[in-house]
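K.L.:
All I have is the shape, not the residue letters:
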């Protein structure tokens with residue numbers, strides 16, 4: 001429904017009243033909603049496959065991997081762990097506070113706004129929602145208008161399964177998003193581009209609203225050719241999958257470019273071509289398992305990246321474009337100009353630049369001199385190079401010898417740094433993203449340390465000095481009843 005049809009003020013008021021009533025704080029309510037969401041995904045698996053294919057042309061295998069399986073896994077974890085995560089946690093106190101206790105009490109933030117992205121249109125809407133529900137919040141979801149079939153599916157199906165007084169969906173484009181940002185929220189969770197992320201953060205600042213921003217970034221691969229020939233074959237197959245097998249390059253955790261020693265470039269290109277043939281066949285027009293470019297706007301954006309003669313001259317494989325089908329062939333480029341847009345902006349498409357170096361150690365300076373990526377991938381067994389990657393580069397995460405598997409782990413936080421993002425989620429980290437841990441300290445009236453009160457004296461100064469330096473002195477002195 002549109003903003004006008006939605007009755008934004010009225011519906012937002014209902015969300016706030018529902019949260020203030022305490023309904024969403026109940027563990028029983030949270031579990032019931034998570035179970036209902038689990039039922040939603042299970043009951044509508046085939047329909048999810050259909051709408052994802054309609055928007056992106058994804059094969060059901062990819063749709064299950066990216067949209068269904070990841071959500072089922074996350075829901076199962078949250079249902080199993082919710083009571084533990086939501087329980088107060090005891091916290092130690094200095095002995096001078098005796099007798100006293102302290103705890104950290106997880107509490108929901110309130111009414112939260114979730115903006116999802118079009119490249120994984122179901123999971124990027126539901127994964128944050130799982131965290132919001134588990135933490136006890138009321139939530140409004142704004143799916144991406146660039147995946148209209150999936151957006152319509154969520155708007156239609158979620159109210160049939162979940163508590164519509166606490167969880168709502170609104171559809172629409174940028175105008176709708178702008179209207180939503182005018183309202184005051186207790187948290188905004190956004191997945192999308194750095195450009196829009198800046199808009200979100202600016203709008204949130206007006207109300208001092210906390211944000212989680214899951215943005216993009218040029219995720220590099222450092223390929224160390226000191227691996228064995230069989231290891232290199234596996235590495236390059238994984239790199240090819242991490243480029244074209246993840247939404248045809250339209251993924252924030254996908255491979256953006258490869259750094260490799262110059263002497264190995266011809267072999268790398270041949271092995272990448274081999275992987276493309278194995279994955280999709282030799283004839284570009286017959287590619288059936290390749291996710292398509294999402295829409296005309298993005299197709300034109302990508303096509304413009306290679307129109308520059310200096311860039312097109314660097315193409316060593318692919319480059320075929322079909323405007324009618326919005327198809328762009330998996331394309332490999334060798335040493336495109338570093339100042340070209342293809343090397344300064346996130347590609348988010350099927351182009352794979354290879355940047356050659358004299359030695360692989362130069363890759364550290366190359367990566368560290370550029371904006372911090374969401375993920376840095378390195379294929380190496382060399383421990384010295386691994387240490388350099390970890391100590392001299394900064395990124396949201398680092399994965400050695402594979403691509404994107406870190407995103408699928410609920411035990412690892414997922415999030416960026418710098419312009420690649422702010423905050424983290426997945427598994428327990430999603431629960432924490434929508435939770436405030438309130439510090440609670442309880443004391444009684446049995447003991448009262450006189451040295452805390454004026455009038456001041458040298459004795460009190462020395463006493464407090466000792467108390468800060470050696471906590472146990474405070475207890476000894478307290479029980480001795482020394483005053484001053």
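P.N.:
On my side now, so go ahead. If you're wondering where the values come from, they're calculated on a predicted model, not measured in any experiment.

K.L.:
Domain boundaries for this structure, per the record?
P.N.:
Residue ranges for the domains of the chain, per automatic domain parsing: 3-215+426-437, 220-415, 448-480.

K.L.:
Any idea which of those domains has the lowest pLDDT on average?
P.N.:
Among the domains of the chain, domain 448-480 has the lowest mean pLDDT, at a mean of 75.

K.L.:
Quick check: which element contains residue 15?
P.N.:
helix 8-20 (DSSP states H and E).

K.L.:
got a list of contacts for that helix?
P.N.:
24, 108, 110-111, 137-140, 163, 165-166, 168, 170, 179-180, 183 (CB atoms under 8 Å, 6 or more residues apart in numbering). (C-beta placed from N, C-alpha, C; glycine too.)

K.L.:
ok, now stretch 406-420?
P.N.:
70, 73-74, 77, 194, 197, 212-217, 253, 371-375, 394-397, 399, 421-429.

K.L.:
Just the buried subset of those residues, written out for PyMOL, thanks.
P.N.:
Typed into PyMOL, the line below selects the buried ones among the contacts of stretch 406-420, using 16 or more other CB atoms under 10 Å:
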select buried, resi 70+74+77+194+197+212+213+214+215+216+217+253+372+373+374+375+394+395+396+397+399+421+422+423+424+425+426+427+428+429
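
K.L.:
Which of the contacts of stretch 406-420 fall in strands?
P.N.:
Among the contacts of stretch 406-420, the members found in strands (DSSP state E) are 212-214, 375, 397, 399, 421-422.

K.L.:
ok, so of the residues you listed, who is nearest residue 224?
P.N.:
Relative to residue 224, the closest of the ones in strands among the contacts of stretch 406-420 is residue 399; by CB to CB it sits at 14.1 Å.

K.L.:
quick one: contacts for that closest one?
P.N.:
Residue 399 touches 375-378, 405-406, counting by CB under 8 Å, 6+ apart.

K.L.:
Next: residue 398.
P.N.:
So residue 398 contacts 375-378, 389-390 (CB under 8 Å, 6+ apart).

K.L.:
please redo it, this time with the cut-off set to 7 Å
P.N.:
Contacts of residue 398 were listed using CB atoms under 7 Å, 6 or more residues apart in numbering, and they are 376, 378, 389-390.

K.L.:
Return the set of residues that bridge with it.
P.N.:
Taking DSSP bridges as the rule, residue 398 bridges to residue 376.

K.L.:
Residue 378 versus that one, what's the distance?
P.N.:
7 Å (CB to CB, to the nearest Å).

K.L.:
And residue 236, by the same measure?
P.N.:
14 Å.

K.L.:
I'd say residue 431 and residue 131 touch.
P.N.:
Yes. The pair residue 431 / residue 131 is scored as a contact, 5.4 Å apart, by CB atoms under 7 Å.

K.L.:
More neighbours: which of these two?
P.N.:
residue 131 (27 against 24; other CB atoms under 10 Å).

K.L.:
that's a helix at the more buried one, yeah?
P.N.:
Yes. Assessed by DSSP: H, G, I helix; E, B strand; the rest coil, residue 131 belongs to a helix.

K.L.:
Quick check: closest non-adjacent residue to it.
P.N.:
With CB to CB, 6 or more residues apart in numbering as the criterion, residue 131 has its nearest non-adjacent residue at 2.8 Å, and that residue is residue 430.

K.L.:
Next up, the contacts around the one you found.
P.N.:
Neighbours of residue 430 in contact, by CB under 7 Å, 6+ apart: 127-128, 130-131.

K.L.:
Columns distance to residue 295 on top of these, output as TSV?
P.N.:
Formatted as TSV, those follow (distance: CB to CB, whole Å):
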residue	distance to residue 295
127	23
128	23
130	28
131	29
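
K.L.:
Could you report the separation of residue 373 from residue 157?
P.N.:
Counting by CB to CB - residue 373 and residue 157 are separated by 35 Å.

K.L.:
Also residue 204?
P.N.:
Distance from residue 204 to residue 157, by CB to CB: 29 Å.

K.L.:
ditto for residue 366
P.N.:
46 Å.

K.L.:
what does residue 339 give?
P.N.:
In terms of CB to CB, residue 339 sits 47 Å off from residue 157.

K.L.:
can you map out the strands along the stretch 1-150 of the chain?
P.N.:
With DSSP state E, counting those that start in this stretch as the criterion, the stretch 1-150 of the chain has strands at 89-91, 100-108, 111-115, 138-142.

K.L.:
Narrow the contacts of residue 399 to just the buried residues.
P.N.:
375-378, 406.

K.L.:
Of those residues, which pair is most distant in space?
P.N.:
Across the buried ones among the contacts of residue 399 (CB to CB), the longest gap, 12.5 Å, separates 378 and 406.

K.L.:
Between the contacts of residue 430, which sits nearest residue 96?
P.N.:
residue 131 (37.9 Å).

K.L.:
got a list of what that closest one touches?
P.N.:
Contacts of residue 131 (CB under 7 Å, 6+ apart): 425, 430-431, 433-434.

K.L.:
quick one: which of those is nearest to residue 355?
P.N.:
residue 425 (31.2 Å).

K.L.:
Show the pLDDT at that closest one.
P.N.:
pLDDT, read off for residue 425, is 96.

K.L.:
Contact partners for it?
P.N.:
With CB under 7 Å, 6+ apart, residue 425 has these contacts: 128, 131, 212, 414-415, 433.

K.L.:
Count the residues that sit near the nearest residue to residue 37 once chain neighbours are set aside.
P.N.:
Closest residue in space to residue 37, ignoring its immediate chain neighbours: residue 75 at 6.0 Å, by CB to CB, 6+ apart. Summarising burial for residue 75: neighbours were counted as other CB under 10 Å, giving 24.

K.L.:
what does the one 10 residues further on give?
P.N.:
Counted by other CB under 10 Å, the residues lying close to residue 85 total 16.

K.L.:
didn't it look like it was pressed against residue 428?
P.N.:
Yes. Using CB under 7 Å, residue 85 is in contact with residue 428, at 5.9 Å.

K.L.:
Tell me the residues that contact both of the two, please.
P.N.:
With CB under 7 Å, 6+ apart, residue 85 and residue 428 have no common neighbours.

K.L.:
which one of the contacts of residue 398 sits closest to residue 257?
P.N.:
Taking CB to CB as the measure, residue 257 lies nearest residue 376 of the contacts of residue 398, at 11.6 Å.

K.L.:
Give me the contact list for stretch 178-197.
P.N.:
3, 8, 12, 109-117, 124, 128, 142, 200, 203-204, 207, 209-216, 419, 434.

K.L.:
ok, of the residues you listed, which come out buried?
P.N.:
3, 8, 12, 109-117, 124, 128, 142, 200, 203-204, 209-216, 419, 434.

K.L.:
Show me the strands in the stretch 151-300 of the chain, by range?
P.N.:
167-169, 187-191, 211-214, 220-223, 257-261.

K.L.:
Show residues contacting the third one.
P.N.:
Strand 211-214 is contacted by residues 188-191, 197, 200-201, 204, 415-416, 421-423, 425, 433 when judged by CB under 7 Å, 6+ apart.

K.L.:
Can you give the strand pairings for it, parallel or anti for each?
P.N.:
Going by DSSP bridges, the partners of strand 211-214 are strand 187-191 (parallel), strand 421-422 (antiparallel).

K.L.:
Repeat that for the last one.
P.N.:
Take DSSP bridges as the rule and strand 257-261 pairs in its sheet with strand 220-223 (parallel), strand 351-357 (parallel).
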